[in-house]
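K.L.:
Just to be clear, the model below is a prediction. Sequence and coordinates:
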Amino acid sequence: MKRASKRSVPQAVLLEPQLFAVSEPARSYDARSVATSGASVPGATREAAVSVESLTTLAKSVLEGAFSPLWIRGEISNFTAHRNGHWYFNLRGATSMIRCVLWSRDQRRIPALPEDGMQVVALGQLTVYAQRGDLQCTISALDAMGDGLWRKALAESTERLRADGLLEPSRKRPLPRLPRRVAVITSPDGAALHDIIVVMRRRCPTVEIVLVPAKVQGDGAPADLMRAIECVGRWGDVDTVIIGRGGGAREDLWAFNSEAVARSLAGCAIPTISAVGHEVDITLCDLVADYRAATPSAAAEAAVPVLAEARAEAAAMLQALRGALVRQVQRRRDRVVHAARDLRSGLERDGERRRARVSAFAGRLTALSPLATLARGYAVARDASGATLGSVDAFAPGLDFDLLLRDGIVRATARTVHPAAVDDT
């Protein structure tokens, strides 16, 4: 049998579902090639009829041998996430449809669950489901047109993080101004680590840099990043954590869009800096970190100061503190002097008031004192016991008494007593 010329299909070709109908097979098979695949050779006579199983197996072999995996464009319909873990759906074109299956082992590459009506491109291998003889496509990669699935996954994760308060600006912590040790979570082989080391060594050679190696892309990268974050958190003897990598394609940066990684970073007890990709790339880790740097070099600049500038700033602060202390002491000394002056003035005023009150009181006492009366020329008679003889009735002829004058005492004896006449008029 003469073999037809082989024709290959480029992997980058996008095919509409209706274009799968071909006018001629891409490759013909003779009996020997079919036999090697385990299929029976279709016969030309009724006696040579083949079983249905052989026919579907032959069709499966022909299709899988004729076509390499193709990128197919279409609309998802009848999407079902089966309990066995596999996804089943149809890809529709304008006039055609093909059944598709995506095995559970390939779903880790899909960022979000697709939906009915979504326009997608899918990488699939044409085959035949031998049990029913149905033409179907086994999908190994799937993406919405215009990165829709990636945007959907990112939006859903962002909303969940926002609902839990992890995107609130109020929870952002300030970075230490003078860190002693900085941990860097990144690939040990990437350019990001080199950039961070160069910038830090130039700005502040005294800061210690501790590398915590982790995968930053591909399978296992999210788990490795979470392990590194947990390791730094358990150790705790660092002042700042930088997590990141250099630029790359969207798929290369996707580990930093993992919701689990973002939550782990948000829970880190140490202030964090996220530096993923280039300035235009923004990931979930950027959103939850205490500080988002546009590049790894910018992260290093944010993490440590320029040593010379820090020392100059410290000297200026010390000088300002010394001046503030001198001014404070002077102000306190001035307040003490003013207080002493005010106290002295207050005491003097209080003394004057007290002296004035004493003088007034003394004046009133003097005015009321019998001595003042004596000073005006009056005398007071007292008996031998010192009792005042204030009435003529207290005297009797021959009574000895003392006459108290302002300048002495006169001993006297009453010779006669003459009561004053009462004027009845």
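P.N.:
Cool, got the structure.
K.L.:
which phi and psi does Ser77 have?
P.N.:
Backbone torsions of Ser77, given as degrees, to the nearest 10, read phi -140, psi 160.
K.L.:
Could you shift the numbering so residue one becomes 28, and keep it that way?
P.N.:
Noted, 28 is the first residue going forward, which turns the last one into Ser104.
K.L.:
That one contacts Gly144, correct?
P.N.:
Yes. If you go by CB atoms under 8 Å, Ser104 and Gly144 touch, sitting 7.4 Å apart. Just so you know, the C-beta spots here come from the backbone N, C-alpha and C atoms, and that holds for glycine as well.
K.L.:
And the two? Which one has more around it.
P.N.:
Ser104 (13 against 10; other CB atoms under 10 Å).
K.L.:
OK, contacts around that one?
P.N.:
116-119, 124, 143-144 (CB atoms under 8 Å, 6 or more residues apart in numbering).
K.L.:
burial count for Glu286?
P.N.:
18.
K.L.:
In this structure it contacts Leu181, no?
P.N.:
No. Applying CB under 8 Å as the test, Glu286 and Leu181 come out as separate, 9.4 Å apart.
K.L.:
Which neighbours do the two have in common?
P.N.:
With CB under 8 Å, 6+ apart, Glu286 and Leu181 have common neighbours Leu311.
K.L.:
hang on, the earlier thing: need the max-distance pair from the contacts of Ser104.
P.N.:
Met124 and Gly144 (13.9 Å; CB to CB).
K.L.:
distance of Trp262 from His445?
P.N.:
124 Å (CB to CB, to the nearest Å).
K.L.:
same question but for Ser285, I mixed them up
P.N.:
Applying CB to CB to Ser285 and His445 gives a distance of 134 Å.
K.L.:
Against Ala414, how distant is Tyr405?
P.N.:
Taking CB to CB, one finds Tyr405 at 18 Å from Ala414.
K.L.:
Sorry, slip of the keys, the one I care about is Asp313.
P.N.:
Asp313 is 111 Å from Ala414, by CB to CB.
K.L.:
next one: Leu314
P.N.:
Leu314 is 109 Å from Ala414, by CB to CB.
K.L.:
rewinding a little: more crowded one of Ser285 and His445?
P.N.:
Ranked by neighbour count (other CB under 10 Å), Ser285 and His445 place Ser285 first, with 22 against 7.
K.L.:
Ramachandran angles for the nearest residue in space to the more buried one that is not next to it in sequence?
P.N.:
The spatial neighbour of Ser285 that comes closest, neighbours along the chain excluded (CB to CB, 6 or more residues apart in numbering), is Pro249 at 4.0 Å. The phi/psi pair for Pro249 (degrees, to the nearest 10) reads phi -60, psi -40.
K.L.:
count of neighbours near Pro249?
P.N.:
Counted with other CB under 10 Å, Pro249 comes out at 21.
K.L.:
Surely it is in contact with Ala287?
P.N.:
Yes. At 6.0 Å, Pro249 counts as touching Ala287 under the criterion of CB under 8 Å.
K.L.:
and Cys164, bridged to which residues?
P.N.:
When bridges are called by DSSP bridges, Cys164 pairs up with Cys127, Leu153.
K.L.:
For the most centrally placed residue in the chain, give me its contacts.
P.N.:
Among the residues of the chain, the one closest to the centroid is Lys199, at 2.5 Å (CA atoms, centre = their mean). Contact analysis of Lys199 by CB under 8 Å, 6+ apart lists 317-318.
K.L.:
Could you check how far it is from Ala325?
P.N.:
17 Å.
K.L.:
No more questions from me, cheers.
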